[in-house]
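S.K.: fold the stuff below for me.
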Amino acid sequence: FVARTIDSDRKHLTEVLRAAAEHPGTALVEIYQNCNIFNDGAFDALKDRQQAEEAVIRLEHGQPIRFGAGLGKAVVRDPATGDLAVVADTDENEFRVLVHDAHAASPATAFALSRLADPDTLHRTPVGVFRSVERPVYDTLMADQLDAAHELHGKGDLGALLAGNDTWTVAG
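M.R.: Residues are numbered from 1 along each chain as shown. Model (predicted):
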């Protein structure tokens, strides 16, 4: 599970953190948070309502990736390079608009989306759940392995194991 959110957007922050907590397995949430000492004002473009409309791309699973004033911009995949690009959302581009798939097995598109933002202005910054892929987790696999061993060999007896005949003698 990989997501990004902004500290000042409480509703979005709550939704992302709740989804991360409910996800079985590892979850990584990047939270853009201002620090008065180290990065004062670093995320103003994403927090100011007027600027955010042009700067923030809200990712929603199963939805076309559109943003900007009147949703006038869209994210597409360049057919020649496979890279992601931002274009005007026109009738000609309608079939090219990328539909967000947070459950895709490959991390390639999620990684490309995470790197879409302009590092200087933060415009085109995606926020939301980039990936939410369910796979078996260690605890579940270990419990299944223990259950299978119990079925095959029985519960076992620790006392009998410790007091059994299969011991070593250390000669000094």
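S.K.: is E54 in a helix, a strand, or coil?
M.R.: helix (DSSP: H, G, I helix; E, B strand; the rest coil).
S.K.: excluding its backbone neighbours, what's nearest it?
M.R.: G68 (5.5 Å; Cβ to Cβ, 6 or more residues apart in numbering). In this view, the C-beta of every residue, glycine as well, is placed from N, C-alpha and C.
S.K.: does A21 touch A27 like I think?
M.R.: Yes - A21 is in contact with A27 according to Cβ atoms under 8 Å; the separation is 7.4 Å.
S.K.: what about these two, which has more around it?
M.R.: A27 (17 against 10; other Cβ atoms under 10 Å).
S.K.: who's in contact with the more buried one?
M.R.: A27 sits next to 1-3, 20-21 when contact means Cβ atoms under 8 Å, 6 or more residues apart in numbering.
S.K.: now, of the residues you listed, which are buried?
M.R.: Burial by neighbour count, 16 or more other Cβ atoms under 10 Å: within these this picks out 1-3, 20.
S.K.: mind checking which of the residues you listed are in helices?
M.R.: A20 (DSSP state H).
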